[in-house]
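Q: this one's structure only:
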């Protein structure tokens, strides 16, 4: 009686051990297959071509973006922020280059579409780069003090001042008076622009 039960338990234990070996073998096979797939993925991703623009040194790539952000005439100033956001949305690398290249932030326009926080962001991100300042059309009656304060505190960095013809119709008396009392050690040019330039 005990012997029959013992034989039955030994038979069941044998079946369980056999099943255990089968499962272990299956686990090893799955792990081996996963490792093969992992190596194939790595090999394929290594072979994928990298766009030429993503292989450029940051300085060269930044210069290309700088040219892409160049403004041909006064009416285009309002789209600069949109263009920068579009560039930053392309990839992490493009975003990093845009955010960390002071030269891309050294051109500032006091015009419609450039609110005080946007001007302040340009002053801050441009670090110590020389600044190119453009006075354009502003749809408010006068420039906000915050925007003027942002640029007036760094007149020592101004490289150029451009005044669009449309800005001449804005009351510039206070601004011009304030400019006369400041020094511009880096200033290289003062250019009046027509709204078609």
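A: Perfect, thanks for sending it. Please read these numbers as outputs of a predicted model, since none were measured by experiment.

Q: and residue 7, how many neighbours?
A: For residue 7, the count of nearby residues is 10 (other C-beta atoms under 10 Å). C-beta here means a position set from N, CA and C on the backbone, and glycine is covered the same way.

Q: Can you classify it as helix, strand or coil?
A: Following DSSP: H, G, I helix; E, B strand; the rest coil, the label given to residue 7 is helix.

Q: From residue 76, how far out is it?
A: 93 Å (C-beta to C-beta, to the nearest Å).

Q: same deal with residue 177?
A: For residue 177 relative to residue 76 (C-beta to C-beta), the value is 29 Å.

Q: Same question for residue 124.
A: Residue 124 is 23 Å from residue 76, by C-beta to C-beta.

Q: next one: residue 106
A: Taken as C-beta to C-beta, the span from residue 106 to residue 76 is 17 Å.

Q: The two: which is more packed in?
A: For residue 106 versus residue 76, the count of surrounding residues by other C-beta under 10 Å is larger for residue 106: 21 against 14.

Q: Which pLDDT does the model give the more buried one?
A: Reported pLDDT at residue 106 in the predicted model: 92.

Q: ok, now which ones touch it?
A: The contact partners of residue 106, taken as C-beta atoms under 8 Å, 6 or more residues apart in numbering, are 122, 126, 129-132.

Q: would you list every one of the strands in the protein?
A: 107-110, 131-135, 158-164, 189-193 (DSSP state E).

Q: among those strands, which is the most enclosed?
A: Ranked by mean neighbour count under mean count of other C-beta atoms under 10 Å, the strands of the chain are led by strand 107-110, which reaches a mean of 25.

Q: Counting by contacts, list what that strand packs against.
A: For strand 107-110, the elements it packs on are helix 116-125, strand 131-135, helix 145-152, judged by 3 or more C-beta pairs under 8 Å, 6 or more residues apart in numbering; DSSP states H and E.

Q: Contacts only, for residue 102.
A: Counted by C-beta under 8 Å, 6+ apart, residue 102 has contacts 125-129.

Q: How much space separates it from residue 184?
A: In terms of C-beta to C-beta, residue 102 sits 19 Å off from residue 184.

Q: And for residue 98?
A: Residue 98 is 28 Å from residue 184, by C-beta to C-beta.

Q: ok, those two, which is more surrounded?
A: Between residue 98 and residue 184, residue 98 has the larger neighbour count (other C-beta under 10 Å), namely 23 against 16.

Q: Just to check, that one is in contact with residue 89?
A: No - assessed by C-beta atoms under 8 Å, residue 98 is found out of contact with residue 89, at 10.0 Å.
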